[in-house]
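>>> pasting the structure only:
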């Protein structure tokens, strides 16, 4: 049920069958050669996968083996095959508080899209100018599940959750500085959101947010 | 859209309409008299509600006004009316790692049930004896959403998420001692779960876990 | 310029002249006898003062010496003389997110009032039901300075600051539980508020918030 | 009320009207191209703004679009237009404990000045040589609001607050090393200042300190 | 060189010879019976000792065996014999910032006195009213070593060190609340004191401060 | 392979076969009634077990069902049957730094003894009087595995490890106060021990230390 | 019993005799010249040693003096002589959760092997795909002692310990990001493992894990 | 009493008279140009001073103005004039646990020497090989004050304090990794040292340790 790649990786090959979603490759901490060897295995089987946290050299390694893969350098994501499956289930709306949260928001977006969901994105609607989020209430209420990425005070997910009936997946980002830097401040804010309906993933974990949202929105 | 109770509370009366779920009353930090005054308002309207984190004196205050309410002292929850709505949507399965996690697990269970979901509970299946969780794989795979409550190492939600396609709502409990006491250790474990598909709520937040699960499982 | 009380306290007697505001007595960590001895000194001079963080036994000690003093047990504050000075300067509006934040909010209110400001209070307008704070925008915009007390996610001060031109004094409260308990979560949120214009005081420091607001609103 | 810049930013265009102060652009986490696109919008409207936390490449991007802007590389600030408005309201005095706190102190100074206040700066008057701060007491007492920037032990704001009637805005800096490095030690000191009258902003947040002081000193 | 008391303690009997100072008995975590058994050993040898962190029941146990011992309940210290040795070496001055720091300050005082030093105490001279510490500069400059106990912002030791040539032993106290409570804030302040010449001991460790000061002031 | 006790516990009945050691019952967080029900199951099967972290009421509940069980109230341990198995394997030596570490040290001792090892204990040999540990070097060198319990500075395990060839199991205790209280200081010391050969268990986890030592010393 | 190298190092030359294991050289924080001087001493005596945490320049310095030494750049280890002693005692199995844990796992492996144990390694069997660890149960049960290296959630050591009777040495790795990054999350998980039988070493301390395992498995 | 250097520094010119020790220049956070301007002032007056935390470019700036100054690049210290004053008072012995602690130990040594004390240094006598510190007991007992620098477990100062009657100044170093890295582990160990007589300075603060020791050893 598992398959070795060299002596350094053991692919969870029955994951797609067991869980319904394909495995992804977390590139950080792997050498480009290791990533290329793993990509080679997908080139052979044609199975779909995502490469996340891919640096430029990781991306080059993947593209040397899977030249047709989709690549978003800002989000550090590659998807193979490039074309996502036809969308099914409920829609996934990704919202981010500031421009600096976009890399994480787009990692979440690509993940949900390549796991088969209909996705869209609204950027820079943080609570400092409350009108911005109130202006998009209709879109919020139409979504099946909402991913909210925010750094600094991390207040946006709780505000969004208070406006809708859909579940909110909150992803704190490491945007910010000073006390609570590295995402600790927004993480704590999200865990303490006054409005119920917020499920939190790890700081900067756009992949995890997109995957969870895809599961929640599954048909 | 909001209604004052004395000069100390401002009920969010359009929440049920806006969000689709009734308001709940968090008792901790309120005096029994304040809780009784709020309960009185529900006695008058007949609206459904939950009272959470209710001490014995809070519970007495609620029951003096709403004598027919359901009360689980272990979970510190009261529900009014006692009878939950007819279940709709997907099923919610609550799993807990140890006997000491039961109060939080049952707070989650009552919340999801009184928000209209079909619920069930499996206790004491922590990873130290892995066979216990493997024995209930069929029940895990049949659930629409799984809430996992765990303290100490907090490893159970990640293991469960790796076995199923449904989303997992993870609630760390303050069960444990020493380094990482107060639930910090299981909280970090859950945020770092290797298997995607885990949304985390605050430590001991059974109400939040149950509410989020009810939203995910909504019809 | 300083005056000894027994061998345990040295009153900063020129503070009123130097700073323009009378000294206050922080009761926590003092014995009731020590507090009574200090109160006796004010009985003799007739100087105005506040007693903060006063337990029931501290309060009894003060009232035995200054029977006409004002006492709010919920806020753990006594003021002498009971009648505040005639208000001058701008108005101070105190806002709190939840019912459980009232003790801190009222400590702030009494402090600003007894330092000579016009004060008022709005309770339970947290961001989970955003309409509640939007409903009171006119009052927010009319204030000279706004104190916002909030626990849990601590998001309210930033939202308020984004709506007004007046400065906001934010006081995190220890209301909440789990990760970030003891007020750490709202403290970090307030320090990271996206909207500028928020000055933060220590957790549960209603006295400090009221004093700072009185200084900002001074004529 | 909000205006999109590309698909990555949504300017809070009614902020100047709603709050009375123009929007600023936080450059960190934005690409130089994004910053240039935002600067272009101000070039078109002629609206005043500040660019904060601007690296050399951010600054070059701004200056390519707004060549007449004021630029202080040490403070990492650009202001457009270069000429601040005529000062109104009370005076803002910026004080810093050591030479290394100057970048943050000057960010605060430029912010308050470009929001329309009369500003001045006193450097290197930390408490290790107490005479230095006592020597400038007259200037301290003449100020309408005092910003104090300090790292290491962070003791200066409390000492200053104890000498004056004006409110103090305290900004901890990340100057220091060892236990409490990154500004945590001075942040805690300032939150625990024995003298009331200190409002704290986030570590290294010179912009926030300057903005809050400008609001406090507003006419 | 070591001597057993029951099966639970092993007295370091050559410590007085090896180090020049007698052993002390830390009562916390020991049962009154264990403390009494240890006291019995001193009753037999007549050796001098201190009992620190002694609760009322610990004190009763000691006094039942050593009825002539000195006891300061506020400082939770007992000394045997009651009479300290004739003072030798330099003088030790204990200074504390607030009334609530007195228990720790007096534990330090008794320790230094019973280890043979000339001691005195100045209370309640915190930096919020700077004149109070400036008023006692002559006493500070006359001391051989100065112990400074302070909670909250912990700024006093650094200010004192900047005024004198003698070494300062700083002992943070757990006086305070909110962020940095339990003494963490003053501990960090003292470790980061801008003025050199400050040696720090653990929070509330009056015994350690007094012992170190006695060693520094030794003839 | 697992057996339910009521609806709150699921015993890991094949653990003795799978791991070679019987299950233990962690009493904290369980009600006395739940503990009694679990004890009843052992009364029926006669299987050996330990009850750890047993309060007085837990102990009474166990003894009402298993009146012949061994009970050490200081260590909060009960063992059933009272008589340990005949010792096999290498010897286990338990060493503790101070008298206050004895409860944890004895929990470790009872655990290793009832899992079938030869055990002994040396108390109060902390590093402040180094001669005490040097005096027992022969006993240290004769042991098959050494458990070292220490609070405060936690230096003893590293010193012991540097003297012997046997592995050391280090258990930090929550003895101490101030910075690093609750056992964090000795935990960090032990993890950073300069001498290799130290395996650390959680703070106050005497049971875990005894169990691990028993496994290491197994024949 | 100790021997100086220059004026910067004092070799513990009787360690091999006292403890039964040769000294190792921790390269981090030493200059290449210092490391070369120490290597020279081993070249002269022919004593066996390990160089750990060796950067490329450290390795070059060692190899210039000991050209025949074994070098694994990924694990940053050099061993002299290259050939390990003939294995004795029980077997040591190293298991790691992910590919990124390999450097630490291999440092542990080389250490145990060069201290005279029979060693083997299984990679990438984390709990997200539980079947992978269940597939190798026979190898786990055959081992004399198991080292488990894991980052992120750190759940693997507890799961392994629950399956076997041998002791487990757990080494958290700094693999991961966000909350609990730097290895804090897996460290806390391992200290709180529900299954007894886990001894923890410091984060990324592969050398310590290998050394402890070698001692446990000693003949 | 204070003198401005440009508009960025205000020298505490009466410090030598007030405290008896000359001012030092902390270079970190200052530009080389600022450091050169300050050095110029000492070139003009001929006053003695130390430059600490001097990078290579800081050192070049100082030496361009004060070419005869003493420079130890490892300790990042420059002293002017190069020749220290004739030693007076008691002797200062600096001891360090490992080779990597040498930079901090030597910063302490140079500081005490240039403040007029007789100094010497013993390196690499950590507690893992206890014999090394026991071998130098005579030197320890002959010292007037002992500075102990240690990283990792930080156990050495407590062990040394237990052997002597002189006071110990403990300086934790940031040597180490994993849990407690950055010097937090040895800092906590030193604050919790079981042996009294240890005064702690901030992590890596060799200057502070040397200054405090010089004051303690003053004639």
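Thanks, I have it. Here the structure is a predicted model, which is why all the values come from computation and not from measurement.
>>> Identify the residues contacting stretch A:40-60?
Residues from elsewhere that reach stretch A:40-60 (Cβ atoms under 8 Å, 6 or more residues apart in numbering or on different chains): A:3, A:5, A:11, A:16, A:22-28, A:30, A:32, A:35, A:39, A:62, A:65-66, A:69, A:71, A:73, A:76-81, A:85, A:107, A:110-111, A:114, A:207. For every residue, glycine as well, the C-beta is placed using N, CA and C.
>>> So which residues of chain A form strands?
Here chain A has its strands, by DSSP state E, at A:3-5, A:9-11, A:24-26, A:49-52, A:70-72, A:77-80, A:91-96, A:118-122, A:145-150, A:168-172, A:198-200.
>>> Let me have these in JSON lines, adding distance to residue F:98 and mean pLDDT as columns.
JSON lines is the format used below for those (distance: least, Cβ to Cβ, whole Å; pLDDT from 0 to 100):
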{"stretch": "strand A:3-5", "distance to residue F:98": "51", "mean pLDDT": "79"}
{"stretch": "strand A:9-11", "distance to residue F:98": "47", "mean pLDDT": "80"}
{"stretch": "strand A:24-26", "distance to residue F:98": "46", "mean pLDDT": "94"}
{"stretch": "strand A:49-52", "distance to residue F:98": "50", "mean pLDDT": "97"}
{"stretch": "strand A:70-72", "distance to residue F:98": "59", "mean pLDDT": "98"}
{"stretch": "strand A:77-80", "distance to residue F:98": "55", "mean pLDDT": "98"}
{"stretch": "strand A:91-96", "distance to residue F:98": "54", "mean pLDDT": "98"}
{"stretch": "strand A:118-122", "distance to residue F:98": "60", "mean pLDDT": "97"}
{"stretch": "strand A:145-150", "distance to residue F:98": "48", "mean pLDDT": "98"}
{"stretch": "strand A:168-172", "distance to residue F:98": "42", "mean pLDDT": "98"}
{"stretch": "strand A:198-200", "distance to residue F:98": "42", "mean pLDDT": "98"}
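>>> domains for chain A, by residue range?
A:3-80, A:91-216 (automatic domain parsing).
>>> Can you name the residues of chain A sitting close to chain B?
Selection of chain A residues close to chain B by Cβ under 8 Å from any Cβ of the partner chain yields A:18-21, A:24, A:162-167, A:169, A:187, A:191-192, A:196-203, A:207-208, A:211-212, A:215-216, A:218.
>>> which among the residues you listed end up buried?
Using 16 or more other Cβ atoms under 10 Å in any protein chain shown as the burial test, the residues of chain A next to chain B include A:18-19, A:21, A:24, A:162-164, A:166-167, A:169, A:187, A:191-192, A:196-203, A:207-208, A:211-212, A:215-216, A:218 as buried.
>>> show me what contacts the closest residue to chain B within chain A?
For chain A, the residue closest to chain B is residue A:199, as judged by Cβ to the nearest Cβ, at 2.4 Å. Contacts for residue A:199 (Cβ under 8 Å, 6+ apart) come out as A:167, A:168, A:169, A:170, A:212, B:167, B:169, B:199, B:200, B:201, B:212.
>>> thinking again about what came up before, please identify the deepest-packed of the domains of chain A.
For the domains of chain A, the largest average neighbour count (mean count of other Cβ atoms under 10 Å in any protein chain shown) is found in domain A:91-216, namely a mean of 26.
>>> Can you give me the end-to-end span of that one?
10 Å (Cα to Cα, to the nearest Å).
>>> And stretch A:124-142, by the same measure?
End-to-end span of stretch A:124-142 (Cα to Cα): 19 Å.
>>> ditto for stretch A:183-203
Start-to-end span of stretch A:183-203 (Cα to Cα) is 6 Å.
>>> on that earlier part again, okay if I get the strands of chain A as JSON lines plus distance to residue H:178?
Formatted as JSON lines, the strands of chain A follow (distance: least, Cβ to Cβ, whole Å):
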{"stretch": "strand A:3-5", "distance to residue H:178": "29"}
{"stretch": "strand A:9-11", "distance to residue H:178": "25"}
{"stretch": "strand A:24-26", "distance to residue H:178": "22"}
{"stretch": "strand A:49-52", "distance to residue H:178": "26"}
{"stretch": "strand A:70-72", "distance to residue H:178": "35"}
{"stretch": "strand A:77-80", "distance to residue H:178": "31"}
{"stretch": "strand A:91-96", "distance to residue H:178": "34"}
{"stretch": "strand A:118-122", "distance to residue H:178": "39"}
{"stretch": "strand A:145-150", "distance to residue H:178": "31"}
{"stretch": "strand A:168-172", "distance to residue H:178": "25"}
{"stretch": "strand A:198-200", "distance to residue H:178": "27"}
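>>> tell me the helices in chain A, going along the chain?
For chain A, applying DSSP state H gives helices covering A:15-19, A:32-45, A:56-65, A:102-114, A:131-134, A:137-142, A:156-161, A:184-191, A:206-216.
>>> Residue B:103 is nearest to which of those helices?
Counting by Cβ to Cβ, residue B:103 lies closest to helix A:184-191 out of these; the figure is 19.2 Å.
>>> can stretch A:158-170 be found next to chain C?
Yes - legend: contact between stretch A:158-170 and chain C by Cβ under 8 Å from any Cβ is shown at A:158, A:159, A:161, A:162, A:163.
>>> Next up, the contacts around the fourth one.
Each residue near residue A:162 by Cβ under 8 Å, 6+ apart is listed here: A:194, A:195, B:19, C:127, C:128, C:129, C:130.
>>> Provide a list of residues in contact with the second one.
Taking Cβ under 8 Å, 6+ apart as the criterion, residue A:195 is in contact with A:158, A:159, A:161, A:162, C:127, C:128, C:129.
>>> possible to save the residues you listed as CSV with pLDDT?
Formatted as CSV, the contacts of residue A:195 follow (pLDDT from 0 to 100):
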residue, pLDDT
A:158, 97
A:159, 96
A:161, 97
A:162, 95
C:127, 92
C:128, 90
C:129, 88
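>>> Can you tell me which of these is nearest residue G:139?
residue A:161 (47.1 Å).
>>> Go ahead and confirm that closest one touches residue A:196.
Yes - Residue A:161 lies in contact with residue A:196 (Cβ atoms under 8 Å); the separation is 7.2 Å.
>>> if I look at residue A:156, how far off is residue A:193?
Distance from residue A:156 to residue A:193, counting by Cβ to Cβ, to the nearest Å: 10 Å.
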